[in-house]
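Build the 3D model from these lines:
(2 chains)
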Amino acid sequence: MTHANERLFDHELAREWKLKKTRALVDKRMELKEAIARYVEDGDSLIETGFAYARGPLAAYWEIGRQKKKNLVGIYTPDGLNNIWHEFGGLEGCHVAYVGVEMRGLISPFRRGVEAGTLKIYSEWSHGGLALSLRAAEQGLNYVACKSMLGTDIIRSNPYIKVSEDPWTGEPVCLVPAMYPDVAIFHVHHADKYGNGRIWGLSVNDTAIAAAARKVIVTCERIVSTDDIRANPYQVVIPWYVVDAVCEVPFGAWPGDMPGMYYFDRPLQERVVRIDWKTPESTREWVEKYIYGTENHYEMICLAAEDHGMNVLDYIKSLERLSCAAAYQNIGTWGSGADVDWTYEEVAKRAI
Amino acid sequence: MSEVRYTPRELLACVAARLINDGESVFVGTGLPLVGALLAHKMHAPQMMAIYEGGAIGAEPPVLPWSVADSLTFYKAPIILSMSSVFGHSRAGYADVGFLGGAQIDMYGNINATCIGDYDNPKVRLTGSGGANDIASLCDRVIFMGLHLPERFPEKCDYITTPGFLNGPGEREKAGLPGKGPWRVISHLGVMGFDEETCRMKLISCHPGVTPEIIQQFTGFEMIIPDDVEVTPEPTDEELRILRNEVDPNHLFCF
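Here you go, the predicted model:
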């Protein structure tokens, strides 16, 4: 078995793999547990999708932790809450464009791992540079020549990129090779049973990642009919033929943001980042309780509701309200069935 | 003693907002820039075109987003692109101002968001670039916002994540970087620009109650201090009202 990094930029290996994938309309629905067990293998590289904590497949990440996958290689463009597994043997190293939660600060387990040298960083990137690496794979290009990262220390801490001359103008350009992660997991609003995934909002890098990754799992808020997808293909960002598994996982981006359906659980994220994950001991306690101590995502959500002193229905409704679901009422089948009397502005002002 | 009308962060946000002209496109980085950009939009720059790295362009967020890619960043956006497209558009010439924060900025306007100490054996591991490197490489000019402390304004960054003028005059061009580079630095003590000849940071104005000596004390390198240093105008009541009631009503950031 080769190391994930040896597969990451191998154009031929990726192509051979994809030539073997079925193009047939096959029902790929399965339980999330089964999808993770089958398609996330120890030692795989796993790329972040959506914007990590905004429309990220967090239910799937918690399940990866629950199944105690070993020695994964993270590709963080960006990452927020999915880097904690190195203290549990789940993460060997990572390729980093960004790890953190913006104005909420740094992630202690990531800091600890890197500062102690127990979590390897294989390469440093900018968001734009890594986005182009995936875009190159999608577009069938060996590499792209770009103007990011030039002149900086990132060039020195990334063995995969090169500074070269534009053959026409002679000016310096940064060459970024096409990247093919082993696994990508997307969380979308709607998917059909074949894997066509539709979103509302930012696709970020998802169309590129879908084509680049070897193995693809789609989790969705709702399974919808293929007729529904065919009637409105404009927001479909994941095509069926790249997809290996489809899992219906309502609240699959919780405790992150799912546009139009639910918003960040801010107090929970603040507490997790600032307190629960502060030390290796407290992180272990948190993982024992919320990950190893739960059977699935919904038990975890129930625990969180308990922490808030709410019953789970009120808790979920509160997150729906924060998401300003009313703004989505005119988009055909979109919407979460949440209270619709609110206007987006009113709700947002209360929420934020 | 006069009444305390505003906090240092509120002053920062108001000063930053004033640097944005109506009709400009602004690539908004995370943190304080989110606040400054939204305040400008709600004050004097209704035609400001905000670009977020998540892919949203031209949105009108009702209040401060929590992330540069959360659902508020594309509220009422006429179009949503992808991450590589918004950076591509910036290189193509559609981004006038890049608006950034970071842990350290040095005398040439280089920014560090990667690590404190040696990269291979860091004292503190920070977030990494995110979109900051791309924003500063590709936008036409760059505004940096941050707190003013000697260790945050070192002579040389521990790691250059995001390019300013690199090692001095002509270095950006030599490296092949398209944008004009750093233009303004706004700290809680003053507003700085860069000397055209040497590319070194230069004081433009001190915030009320701050002297050039104080600025120098809180700076880890020799700040160029010209004779004509001005006093930054205080936030107006209107600026503070909109900041507190409309931009950041729950004091997420301006405390």
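
alpha carbons only for contacts and neighbour counts from here, please
Noted.

which stretches of the stretch 201-350 of chain A have low pLDDT?
Along the stretch 201-350 of chain A, segments meeting pLDDT under 70 span A:321-350.

Quick one: check stretch A:51-69 for contact with chain B.
Yes. Using Cα under 8 Å from any Cα of the partner chain, stretch A:51-69 reaches chain B at A:Phe51, A:Ala54.

pLDDT averaged over that stretch - what is it?
The average pLDDT for stretch A:51-69 rounds to 97.

mind checking the end-to-end distance for it?
Stretch A:51-69 has an end-to-end distance of 23 Å (Cα to Cα, to the nearest Å).

mind listing what's buried in that stretch?
Neighbour counts over stretch A:51-69 (16 or more other Cα atoms under 10 Å in any protein chain shown) mark A:51-69 as buried.

In this structure B:Thr198 contacts B:Asn167, no?
No. Under the criterion of Cα atoms under 8 Å, B:Thr198 is not in contact with B:Asn167, lying 10.1 Å apart.

list the contacts for the residue nearest the centre of chain B?
Taking Cα atoms, centre = their mean, the centroid of chain B lies closest to B:Phe144, which sits 2.8 Å from it. Applying Cα atoms under 8 Å, 6 or more residues apart in numbering or on different chains to B:Phe144 gives the contacts B:Phe99, B:Leu100, B:Gly101, B:Gly102, B:Pro182, B:Arg184, B:Val185, B:Ile186.

Just checking: what are the partner strands of the regular element (helix or strand) spanning it?
Per DSSP states H and E: B:Phe144 is located in strand B:141-145. Partners of strand B:141-145 in the sheet, by DSSP bridges, are strand B:97-100 (parallel), strand B:182-186 (parallel).

what does the stretch 151-255 of chain B put close to chain A?
So far as Cα under 8 Å from any Cα goes, the stretch 151-255 of chain B lies against chain A at B:159-163, B:166, B:172, B:174-178, B:249-250, B:252.

Top of those residues by number of neighbours, please.
Using other Cα atoms under 10 Å in any protein chain shown as the neighbour criterion, B:Thr162 leads those with 34 neighbours.

Settle this for me: that one is touching B:Asn110, isn't it.
Yes. Taking contacts as Cα under 8 Å, B:Thr162 lies within contact range of B:Asn110: 5.9 Å.

And what about B:Val199, helix, strand or coil?
Not Val; residue B:199 is Cys. Using DSSP: H, G, I helix; E, B strand; the rest coil, the structure places B:Cys199 in coil.

do the one 5 residues further on as well
The three-state assignment at B:Ile204 reads strand, by three-state DSSP.

my guess is it meets B:Asp227, correct?
No. Between B:Ile204 and B:Asp227 there is no contact under Cα under 8 Å: 9.8 Å.

Would you mind telling me which of these two has more residues around it?
The neighbour comparison of B:Ile204 against B:Asp227 (other Cα under 10 Å) goes to B:Ile204, with 23 against 8.

Next, work out how far apart that one and A:Lys28 are.
B:Ile204 sits 62 Å away from A:Lys28, going by Cα to Cα.

which phi and psi does B:Tyr94 have?
Dihedral angles of B:Tyr94 (phi, psi; degrees, to the nearest 10) stand at phi -100, psi 10.

count of residues packed around it?
Around B:Tyr94 there are 20 residues (other Cα under 10 Å).

give me every residue that touches it.
B:Ser25, B:Cys139.

redo that, cut-off 6 Å
Residues in contact with B:Tyr94 (Cα atoms under 6 Å, 6 or more residues apart in numbering or on different chains): none are found.

ok, it to chain A distance?
In this view, B:Tyr94 and chain A are 15 Å apart by Cα to the nearest Cα, to the nearest Å.

Kindly reformat the strands paired with strand B:141-145 as TSV containing mean pLDDT and mean neighbour count.
Formatted as TSV, those follow (pLDDT from 0 to 100; neighbours: other Cα atoms under 10 Å in any protein chain shown):
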stretch	mean pLDDT	mean neighbour count
strand B:97-100	96	28
strand B:182-186	98	24
